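Trainee: Here is the input, now give the coordinates:
(one chain, ligands or ions: 2)
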Amino acid sequence: MSGLAHTRSHPNDSQAAATGSHPPAHKPDPTVQHAAQGGLSAASASSPSQQPDALNELESLKLKLKSALRQFPDFPSPGILFEDILPIFADPALHDALVRALELHVSQAYEKPDVIVGLEARGFLFGPSLALRLGVGFAPVRKKGKLPGPCETAGYQKEYGEDFFQIQADAIKPGQKVLIVDDIIATGGSAAAAGALVKKLGGQVLGYAFLLELDFLKGRAKLDARVDTLLTGQMAKE
Ligand SMILES: O=P(O)(O)OC[C@H]1O[C@H](OP(=O)(O)OP(=O)(O)O)[C@H](O)[C@@H]1O
Ligand SMILES: Nc1ncnc2[nH]cnc12
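Mentor: Ligands and ions are numbered 1, 2, ... in the order given. The predicted model follows:
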């Protein structure tokens, strides 16, 4: 299995990314840790530049991370199986594993970005740490009404509702290369809105990187640049 996996999304597939039906109607015990499937599904070819040691390290980090995720059924609304990533941050070793995995992933797969853009709120948990490791800037995309000064705004729909995102007008300079990061891609609405904001400011979206992809929702079809995720899938425990 490749340590890095990505596909370039096809903008024309966006209709396929509608809201989702959900995977198995199991009722998992939320106190039991679950395993999202490690690795990535489609189109995951290693490039010759990828170092075997780094790939092994990445695979081992992904296994640790997947075992830390928990699921809560019917949160925040009925029918949603909520993936809780917070146990990762309760344990410094797991926290470090997440930042290290993203650092490996991004540094092997992309040219160096100028700016990491993280999405409120869970993209703020690791976006700044990743930016620091890579030696690049960080800019937040926030929910409407939280950022001072001139802002660009984009509305979007997500797996469980709709919202507005904003970015400060001077957060990205025209021509800057941007990597957008968040914890989860579900329907892709949030990430697509963030990409639209970066492009409104003249930024170049190198790609999107996530901890977890709920692939049955086909969110990556909404994104028109490279998409990378450490873990894929949603698996309920009986
Ligand atoms: O792919 P989508 O269907 O758009 O869903 C993914 C988004 O949903 C969650 O954020 P949420 O809006 O719940 O905000 P939070 O991080 O503040 O909890 C998650 O952190 C992603 O940002
Ligand atoms: N099922 C889910 N669990 C956690 N965060 C989400 N964001 C969108 N869908 C989600």
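Trainee: does the residue nearest the centre of the chain count as helix, strand or coil?
Mentor: Taking C-alpha atoms, centre = their mean, the centroid of the chain lies closest to residue 210, which sits 2.1 Å from it. What DSSP: H, G, I helix; E, B strand; the rest coil gives for residue 210 is strand.
Trainee: How about residue 230?
Mentor: Once three-state DSSP is applied, residue 230 turns out strand.
Trainee: What is the neighbour count of it?
Mentor: Using other C-beta atoms under 10 Å, residue 230 has 27 neighbouring residues. Heads up, the C-betas are built off the backbone N, CA and C, glycines and all.
Trainee: ok, now how distant is it from residue 203?
Mentor: Here residue 230 is placed at a distance of 24 Å from residue 203 (C-beta to C-beta, to the nearest Å).
Trainee: returning to that earlier point: who does the residue nearest to the centre of the chain bridge with?
Mentor: With DSSP bridges applied, residue 210 shows beta-bridge pairing to residue 182, residue 229.
Trainee: begin at 27 from here
Mentor: Will do, 27 is the new start, and the previous item becomes residue 236.
Trainee: wait, it sits on residue 212?
Mentor: No: checked against C-beta atoms under 8 Å, the pair residue 236 and residue 212 is beyond contact range at 9.8 Å.
Trainee: What strand or helix carries residue 142?
Mentor: strand 141-145 (DSSP states H and E).
Trainee: circling back: need the contact list for the residue nearest to the centre of the chain.
Mentor: By C-beta atoms under 8 Å, 6 or more residues apart in numbering, the contact list for residue 236 reads 207, 208, 209, 210, 211, 217, 253, 254, 255, 256.
Trainee: so how many other residues sit close to the second one?
Mentor: Okay, so that is residue 208. 26.
Trainee: now do the third one
Mentor: Counted with other C-beta under 10 Å, the neighbours of residue 209 add up to 21.
Trainee: Look up phi and psi at the residue lying closest to it once chain neighbours are set aside.
Mentor: Distance criterion C-beta to C-beta, 6 or more residues apart in numbering; nearest residue to residue 209, sequence neighbours excluded, is residue 148 at 4.0 Å. The phi and psi torsions at residue 148 (degrees, to the nearest 10) take the values phi -70, psi -20.
Trainee: So residue 148 versus ligand 2, what's the distance?
Mentor: From residue 148 across to ligand 2, the span is 8 Å (C-beta to the nearest ligand atom, to the nearest Å).
Trainee: got it, and residue 152?
Mentor: Taking C-beta to the nearest ligand atom, one finds residue 152 at 15 Å from ligand 2.
Trainee: Tell me which residues touch that residue, please.
Mentor: Residue 152 is in contact with 124, 125, 128, 144, 207, 209, 237, counting by C-beta under 8 Å, 6+ apart.
Trainee: Can you read off the pLDDT for the first one?
Mentor: Think residue 124. What the model reports as pLDDT for residue 124 is 98.
Trainee: Now do the same contact list for it.
Mentor: Residue 124 neighbours (C-beta under 8 Å, 6+ apart): 87, 91, 114, 152, 237.
Trainee: Check those and tell me the two furthest apart.
Mentor: Distances among the contacts of residue 124 were taken as C-beta to C-beta; the most separated pair is 87 and 152, at 13.0 Å.
Trainee: Helices of the protein, start to end?
Mentor: 78-94, 112-116, 118-135, 153-160, 215-226 (DSSP state H).
Trainee: so how far is the second one from its chain's centroid?
Mentor: Which is helix 112-116. 16 Å (C-alpha atoms, centre = their mean, to the nearest Å).
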